[in-house]
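In: Structure of the sequence below:
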Amino acid sequence: MPRGATETKTLKVGDKAPDFTLKSHTDETITLSDFLGKKNVFIAFYPLDWTPV
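Out: The predicted model follows:
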């Protein structure tokens with residue numbers, strides 16, 4: 001497991017997402033809880049087009 005990562009249970013439809021912080025594609029730090037009660041959030045993970053995934 002990567003350093004700083006924690007193991008979580010599998011989420012199901014309707015579960016509240018755990019809070020997390022990631023870097024955006026513009027190198028901005030984004031924290032999920034910053035949007036709580038302000039905006040709807042859609043999270044998608046997409047591999048780069050040139051990767052062998």
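In: Check the average confidence over stretch 12-23, would you?
Out: Taken as a whole, stretch 12-23 has an average pLDDT of 87.
In: which residues are in contact with that stretch?
Out: Stretch 12-23 has contacts (Cβ atoms under 8 Å, 6 or more residues apart in numbering) with 8, 11, 29-33, 41, 43. Every residue, glycine included, has its C-beta placed from N, CA and C.
In: From the chain's centroid, how far away is it?
Out: 7 Å (Cα atoms, centre = their mean, to the nearest Å).
In: Can you give me the buried ones in that stretch?
Out: By neighbour count with 16 or more other Cβ atoms under 10 Å, stretch 12-23 contains no buried residues.
In: As PDB, could you dump the C-alpha coordinates of it?
Out: Extracted in PDB, the C-alpha atoms of stretch 12-23 (Å, rounded to 0.1, in the frame of the first residue of the first chain):
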ATOM      1  CA  LYS A  12     -21.900   1.100  -2.200                       C
ATOM      2  CA  VAL A  13     -24.400   3.200  -4.100                       C
ATOM      3  CA  GLY A  14     -25.700   5.800  -1.700                       C
ATOM      4  CA  ASP A  15     -22.700   5.600   0.700                       C
ATOM      5  CA  LYS A  16     -21.000   8.900   1.800                       C
ATOM      6  CA  ALA A  17     -17.500   9.100   0.200                       C
ATOM      7  CA  PRO A  18     -14.600   9.300   2.600                       C
ATOM      8  CA  ASP A  19     -12.800  12.700   2.700                       C
ATOM      9  CA  PHE A  20      -9.700  12.800   0.600                       C
ATOM     10  CA  THR A  21      -7.200  15.300  -0.900                       C
ATOM     11  CA  LEU A  22      -5.700  15.000  -4.400                       C
ATOM     12  CA  LYS A  23      -3.800  17.100  -6.800                       C
END
